[in-house]
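# Need coordinates for the following:
(one chain, ligands or ions: 1)
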Amino acid sequence: MVLSALGKNELKQMLSELITRYEGLKSQNLNLDMSRGRPCTEQLNLSDPMMENLFRDYGFKSESGTDCRNYGLIDGIPEAKRLFAELLGVSENEIILGGNSSLNMMYDAIARAMSFGVYGSREPWGRKPIKFLCPSPGYDRHFAITELFGIEMITVKMNPDGPDMDTVERLSAEDESIKGIWCVPKYSNPDGITYSDTVVRRFAAMKTKAPDFRIFWDNAYVVHHLTDEPDELLNIMDECKKAGNPDRVFIFSSTSKITYPGAGIAMLAASQNNIQLIKKQLSIQTIGPDKINQLRHTLFLKSVQGIKEHMKKHAAILKPKFDTVLGILESELGGKGIAEWNSPKGGYFISLNTLPGCATAAVKMAKEAGVVITPAGATYPYGHDPEDRNIRLAPTLPPIDELKKAMELFTVCVQIVSIKKLLGELNR
Ligand code: PLP
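Residues are numbered from 1 along each chain as shown. Predicted coordinates:
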């Protein structure tokens, strides 16, 4: 029953029942967290065999003969570069393996660009005010980096097949101070959207007024499927080359949600021009990455097929959690006309939109009763969701019985706030 079709008295009756339910849940002193996309312990356990003495037969040697315990190989050991280059669809000389965090590599890429420019820049980005396009809802930590560096962020609407390319093309073509865009092209955070082939091709071919424009293509969820019919993403590097813009894209990814988020391997893939310049700059910053970890990962994961098999084990743990959340959303909110959400085929999040003006109040109510959700607004630049609608749900970390409790409480909050809004009683 669509709630907006109900009369005032019916709504008031419902509201009072929901408040009783809320108070009952609150009195349980819940302490649950659905705020961040962290793997759960069972997922982490999947990679524990990696910590066995895999080096016994190898004497810590990479196939190149390099002793992984020592300095050197600034861009990574060859077998690991080959593995992750194949995973990302680039060649071995188009990749750098970094430390344990791709976010760190993104931060460094922005920091280098601000101080020195990128390949083909006429001057450092930081010399003049610059802007970034930010498809939203998006990843809060991307926006935090650009905000920290004083880069003005322009919100771009997300469509079901990716960012609104009419806006992206128009703005990029007319404004030289727009130097880049944040993209999560596969199972996007938080909407779970995979960009269509058309969107990828338009990115590769579009005109940019800034000659040193860069797409920050954060392929964090490259193999993070939840179903046996995964989304396919067109290879942006191939498309950029075909379109005559080979230097346009920086591709990022990591094994954070393949093996361990605290002890994985991060990667940056880009054209050889970009990679050569970055390697030169990196060699001032470090004498080399943790190659023991790279060897450990390569021996454990073995091949792209090995990674795919491993990811199926993650999916087997995660799918029931996503199904639990989706089931409760449907049973509590379905058909009431007060919220919409996605059913992602991969990634780490479910994105929910409330009635306009209700997200902040719903998240606040949930927090007051012991359930922490990602702060409303976090999925937009400057933490400001213009319609105050979007809420990111992260189902991966809590055990299923906790998820059920957290979701019951959360959906009760959404209903209370929505009814108050319909009754004109929502204080903002
Ligand atoms: N990129 C996206 C889109 C993410 O959602 C996350 C983590 O949630 C990260 C990057 C973090 O990656 P890393 O652990 O490699 O720094």
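# Now stretch 268-280: buried residues?
By 16 or more other CB atoms under 10 Å, the buried positions in stretch 268-280 come out as Leu268, Ala269, Ala270, Ser271, Asn274, Ile275, Leu277, Ile278. Yep, even glycine has a C-beta here, placed from its N, CA and C like the rest.
# residues in contact with it?
Contacts to stretch 268-280, defined as CB atoms under 8 Å, 6 or more residues apart in numbering, come from residues 74-75, 85, 88, 90, 93-96, 98, 102, 105, 109, 112, 118-120, 237, 240, 246-247, 249-253.
# avg pLDDT for that stretch?
Mean pLDDT, computed over stretch 268-280, is 98.
# Now do the strands in the stretch 1-150 of the chain.
32-34, 95-97, 131-136 (DSSP state E, counting those that start in this stretch).
# Indicate each strand paired with the lengthiest strand in the chain and its parallel or antiparallel sense.
In the chain, taking DSSP state E as the definition, the longest strand is strand 152-159. Strand 152-159 pairs in its sheet with strand 131-136 (parallel), strand 162-163 (antiparallel), by DSSP bridges.
# immediately after the helix or strand that contains Trp217, which helix or strand?
Element membership for Trp217, per DSSP states H and E: strand 214-218. Sequence order places helix 236-242 as the next helix or strand after strand 214-218, per DSSP H and E.
# So what's the gap between the helix or strand that that following helix is followed by and the chain middle?
Note on helix 236-242: by DSSP H and E, the next helix or strand toward the C-terminus is strand 249-254. Computed by CA atoms, centre = their mean, to the nearest Å, the chain-centroid distance of strand 249-254 equals 12 Å.
# Ok, stretch 140-160 next?
Using CA atoms, centre = their mean, the offset of stretch 140-160 from its chain centre is 13 Å.
# Stretch 251-264 now?
12 Å.
# buried stuff in it?
Buried, per 16+ other CB under 10 Å, within stretch 251-264: 251-261, 263-264.
# what do you get for stretch 371-391?
Here stretch 371-391 shows 371-381, 385, 388-391 as buried, counting by 16+ other CB under 10 Å.
# can you name the two of these that are farthest apart?
Farthest pair in those (CB to CB) is Val371 and Pro381. Separation: 25.9 Å.
# Give me the residue at the spatial middle of the protein.
Asn189 (3.9 Å; CA atoms, centre = their mean).
# ok, for that one, nearest residue in space, not its chain neighbours?
Nearest non-adjacent residue to Asn189, counting by CB to CB, 6 or more residues apart in numbering: Tyr139, 4.5 Å away.
# One more: Tyr195?
Nearest one to Tyr195, counting by CB to CB, 6+ apart, is Gly162 at 3.6 Å.
# One more: Ile373?
Ile373 sits nearest to Val363 (CB to CB, 6+ apart), 4.9 Å away.
# Spell out which helix or strand contains that neighbour, please.
With DSSP H and E as criterion, Val363 is part of helix 359-368.
# Please tell me how far that helix is from the chain's geometric centre.
For helix 359-368 - counting by CA atoms, centre = their mean - the centre lies 23 Å from the chain centre.
# tell me the phi and psi of Pro124?
Torsion angles at Pro124 (phi, psi; degrees, to the nearest 10) stand at phi -60, psi 140.
# which residues does it contact?
Ala113, Met114, Ser115, Phe116, Gly117.
# Just the buried ones from these, in PyMOL syntax?
Command for PyMOL that selects the buried part of the contacts of Pro124, burial taken from 16+ other CB under 10 Å:
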select buried, resi 113+114+117
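# closest to the ligand among the contacts of Pro124?
Taking CB to the nearest ligand atom as the measure, Ala113 is the one of those closest to the ligand, at 18.1 Å.
# pretty sure the closest one contacts Trp125?
Yes: the criterion here is CB atoms under 8 Å, and Ala113 meets it with Trp125 at 4.6 Å.
# which neighbours do those two share?
Lys179.
# which parts of this structure sit against the ligand?
By CB under 6 Å from any ligand atom, the residues of the chain that approach the ligand are 37, 101-103, 139, 184, 189, 218, 220, 254, 256, 261, 266.
# Could you look up the SS state of Leu268?
strand (DSSP: H, G, I helix; E, B strand; the rest coil).
# can you tell me how far it sits from the ligand?
11 Å (CB to the nearest ligand atom, to the nearest Å).
# got it, and Lys242?
26 Å.
# burial count for the residue lying closest to that residue once chain neighbours are set aside?
In this structure, Lys242 finds its nearest non-sequential neighbour in Ala204, 7.0 Å apart by CB to CB, 6+ apart. By other CB atoms under 10 Å, the residues close to Ala204 number 23.
# Which strands or helices does the helix or strand hosting Ala204 pack on?
In the assignment (DSSP H and E), Ala204 maps to helix 197-205. Helix 197-205 sits against strand 162-163, helix 165-174, helix 236-242, with contacts defined as 3 or more CB pairs under 8 Å, 6 or more residues apart in numbering; DSSP states H and E.
# Deepest in the core, which of the ones you listed is it.
Highest mean neighbour count of the helices and strands packed on helix 197-205: strand 162-163, a mean of 24 (counted as mean count of other CB atoms under 10 Å).
# Show residues contacting it.
For strand 162-163, contacts defined as CB under 8 Å, 6+ apart pick out 133, 135, 156-157, 181, 183, 185, 193-196, 199-200.
# The same query, at a cut-off of 6 Å, please.
Residues outside strand 162-163 that contact it (CB atoms under 6 Å, 6 or more residues apart in numbering): Pro135, Val156, Tyr195, Val199.
# ok, of those residues, which come out buried?
Buried subset of the contacts of strand 162-163 (neighbour count, 16+ other CB under 10 Å): Pro135, Val156, Tyr195, Val199.
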